[in-house]
Structures are given as C-alpha cells and as structure tokens.
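1. Would you be able to build a 3D model of this:
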Amino acid sequence: MRELLKDRPVLGYVFAAVASVLAIFVVRGIEPLVGYIPMLFLAGVAAVEAYAGAGPALLSVALCIGASLFVRNHPPVSEHLHNLTKLGMFPIVAIVLIYLMEAHRRQKRVVREQLLELNTLLESMPEAVFIFDSNSRLVDVNRAAEQICACTRAEIHGAHLSFLAKHMGLQQDEQPMALSDLAVTRALAGESVQNEARVFSSRADGSPMNALVSANPMRDAEGATIGALLVVRDVTEITQLQRQVADAERHTAIGQMASGIAHDFNNVLNTITQAAALLQSQPNQSDDQRFYVGMIENAARRGAEIIKRVREYVRGASGESAQVDVRQMLQDALDLTRPMWRGVNGLTVTTEFKPVPPVRANAADLRRVFTNLIVNAIQAMPRGGRLTARCEERSGMVIASVQDTGEGILPEQQKKIFLPYFTTKQTGTGLGLSTAQKILLASGGDISFTSEIGSGTTFTVQLPAFEKQPAKAA
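-> Residues are numbered from 1 along each chain as shown. Next comes the predicted model:
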C-alpha cells in the first residue's frame, strides 16, 4: 500500500483527506466525554506521513485544524477530567516521539553501516571505481582510481568528466575520444557499457595502460538517473602476455620457415664458395681481381656462419663463446657492407679504432650485430652523409659505436625501436635490432642509442672485457 500511494500522488492526497475526516470524527465523538483534545490528530497525521509522505501529511494537518474550527461545540465537561485526559495523553505522545527518534537513529546507523560497507568494498576492489553525479562531475573514487589518475581524492573531487578524460590521456585507436563517446556520458543517458577497450596515458613513467571500461547508470527509487558508476580494469599485463604468446607463435612459424630456407641458402653459398675457389686458382690475376674474389669468398664464409647460427637458433642451441676482437668484428662488418656504402653518392666512412682488450662472445653473432647497425646507418643516409665506426675501452668495458648523420628517429618510434617486428622500413622485418639486443644481453653486454631529429643517430654497444667477465659464458 505504501508503494502504491507514493507512486500515485493523487491517491496519497485522497488517503490524507479520508484519514483526516476519520480523525475529526474520533475527536468529535470523544469531545462530550473528555473535551476537545487536538493532540489526538497526531495519530492520523503520523499514519498519513508513514503511508503517503510529507505532502499529504501537511494536507492532513491543515484539514484537521480547519475542520476543528467548525465542529468544536465546547460541551460542559469537568475541568478536572479534561486536565486528567490531557495528562494521560502525555505518555502516549512521549512514547510515540521516543519511538520515532529511535527509529530515525537506527535508520541513520544502518545507512552509516551501509556506507561503510560500500566504502570498504570499493577500497578492496582492484579495479578503479569512479562515481559521477548527473552533471558529469566526480563525486567519489577508490584508492585504485587515485593510482590511475596519479592524484589524490581531494584533488579530483568535483572535476568534470571532460577534464578527467584529458588528464588521463584517454584514447581509442590512438586518438582522443569525443565527450559524447565516453562511457560515462552514455551511462548518464541510460546506456549500460560493458568491457570496452581503452588506452590511458597518464602513468608517471609515461607507459600506456590498456584497460577495459564499464559504466552503468545509477537511478533513484523513481527510476530517474542520478549518476553513473564507472569501473576501469587494468589489463596491461594480460595484453602483454597475449602479445608474447602471439610473438612466440610467430617465432615458431618463422623458425620452421627459416630452417628450410637455411638449407637451400647453404647450398647456394656452397656453390659460390666453390666458384670463388676456382677463380682463385686461375693464373695471371690482377690485384683487384684477387681482392674482389677474396671478398666474395669471405662473404660466402660469413654467410655460412650466419646460416649455422640460424640452425642453432631453430634447434634452441647457443653458439660457442670465445675471445673475440671487437675491432676485427667491426672491420669485418665494414668489409661485408663495402659494396653498399660505396654505392651511395656522397657517403663517407671513417673509423676511430683504439686498442681494446678481447671480449667473450660468439664471433659470428657479434659480426652480425655490427653488420646490422652499419646497414641501418647506410639506409638512414640515402642521399649521403658520414658514417663513423668507433671502438675504445672505458672502465673495463669495451665500447663500440656506429654513428650516422641521417634524419634521426622520431620520438614516438624510439620507445619501440627494440621491439620484435617493429620497423620503419617498407621491406624491413623488424628483427635486426631486437635480435642484436638479445645477442648482446646473452653475452653480458648491452646496446643503447641516442638520436636527434635532423642530426642523426648513434648506436652504442657495451661488452665487458674478457678478464672482467665470469669464467662461464652467458
């Protein structure tokens, strides 16, 4: 009945009128016995307020007072009896007031406990929770939301949704989202949003955060939307794991394909090696002929070493480490790439090699690293420039670098430069630098770079000197 009267205001006011009429008849009926006692109207008013609400209760008060002015007859009643009756009403009214006050106090206690439970629940959730009002302003957040926003609750309380989206760097398909497309905006319009993929870029370290966003409207008893609840779930680690699994599958497929290619390519290299040997045996060769035939034979031998390493990689074996001269590896890489950099007009190559101690590494792998860096430097200067290869010892570390004067690497690309399959070349595979990094890390070294737009890029390789390394190779 209570829900029916509150859902239909007209019925509530009709109920107030009926209850007021009954209360008037009750007071009018007992008036000849105990006199006029308007305090008895409180029972009717309390019933109306409990079942119909405050508006009908005020109407009942007005009706009781107005009707009393007309129905009151002032019968001759003993004043002593009248006073005793009013005194007897006092404990009844007092008990009713005490009951109402205790009920109100219990209700407040229940509400407080519910809020405490809700707050405890929100704080214990690993997902970030944001509560917005109907004006798209932030009302409350939990601790996980503070960490995502990199702000305290007091700093972002009352902030508008548009400011919060901009502050958190909310993106979809690498583009900022329009206000009308945000999950909270749609939830305030009555839509329920579930697990939509979003990217946030407000972390302190600058790394993006992959998240699933859900938003639902918050409604009052009448069904009107009074706010929205937004839940942001961080799935960055899950996304990275999925990428790693995908990379592993790609590596497996590439390994299977590389195994077949390596077999066929090794046969081609054998043919080149045999042809070079026949040319070497020819008499009356000029110095240039002997030089280029030797270069062909050397290149074929290096190619065979690379094929051998590819096969070892596919089988999961590691190459044998030994003492390696970094200067010689740099020089070998320059010799292997000589036809490339000689074919670029305006490209000059300089070397600055200082005496360095040997390092423990696989010669073929290290030569492959330097060859890849030199090829990248040549491709970065299609219209010419200067390529500089350096080598020196510094604090027990052998430092080798390859510097170009090309256009440099864009800032947004620098974070991805060592990721597998990331490339800026149309015909690139994106495996050169990632493989070089793995090779150097396995040898106890590292690779880094500096780049400036319009000035060029320098890749630096660091390897510990042989006597500084542990006896067991990495």
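
2. This protein - how does it break down into domains?
-> What automatic domain parsing lists as the domains of the chain is 2-120, 125-234, 241-317, 320-474.

3. Now do the end-to-end distance for the second one.
-> End-to-end distance of domain 125-234 (C-alpha to C-alpha, to the nearest Å): 12 Å.

4. From the chain's centroid, how far away is it?
-> Distance of domain 125-234 from the chain centroid (C-alpha atoms, centre = their mean, to the nearest Å) equals 13 Å.

5. And the first one, by the same measure?
-> Using C-alpha atoms, centre = their mean, we find the averaged C-alpha position of domain 2-120 to lie 58 Å away from the chain's own average C-alpha position.

6. Just give me the residue closest to the centre of the chain.
-> What sits nearest the mean C-alpha location of the chain, by C-alpha atoms, centre = their mean, is residue 209, with 1.6 Å.

7. what's near enough to touch the closest residue to that residue other than its chain neighbours?
-> Of all residues not flanking residue 209 in the chain, residue 200 sits nearest, at 4.5 Å (C-beta to C-beta, 6 or more residues apart in numbering). Glycine gets a C-beta too; all of them are placed from N, C-alpha and C. Neighbouring residues of residue 200 by C-beta atoms under 8 Å, 6 or more residues apart in numbering: 148, 168, 169, 170, 171, 208, 209, 211, 232.

8. Any of those buried? List them.
-> Buried subset of the contacts of residue 200 (neighbour count, 16 or more other C-beta atoms under 10 Å): 148, 168, 170, 208, 209, 211, 232.

9. what sits against the second one?
-> Going back to what we said before, that points to residue 168. Taking C-beta under 8 Å, 6+ apart as the definition, contacts of residue 168 comprise 148, 149, 200, 201, 202.

10. out of these, which are inside helices?
-> The helices, defined by DSSP state H, take in 148, 149 from the contacts of residue 168.

11. Now the two most distant members of the contacts of residue 168.
-> Taking C-beta to C-beta, the two most distant members of the contacts of residue 168 are 149 and 201; they sit 12.2 Å apart.

12. These two: who's more crowded?
-> residue 149 (22 against 13; other C-beta atoms under 10 Å).

13. Next one: that one from residue 57, what distance?
-> 46 Å (C-beta to C-beta, to the nearest Å).

14. All the strands of the stretch 351-474 of the chain, in order from the start?
-> Per DSSP state E, counting those that start in this stretch, the stretch 351-474 of the chain carries strands over the ranges 359-361, 385-394, 397-403, 446-452, 456-464.

15. of all those, which lies closest to residue 286?
-> Nearest to residue 286, of all these, is strand 385-394, at 28.7 Å by C-beta to C-beta.

16. Go through the closest one and flag the buried ones.
-> Neighbour-count burial for strand 385-394, with 16+ other C-beta under 10 Å as criterion, is recorded at 385, 386, 387, 388, 389, 390, 391, 392.
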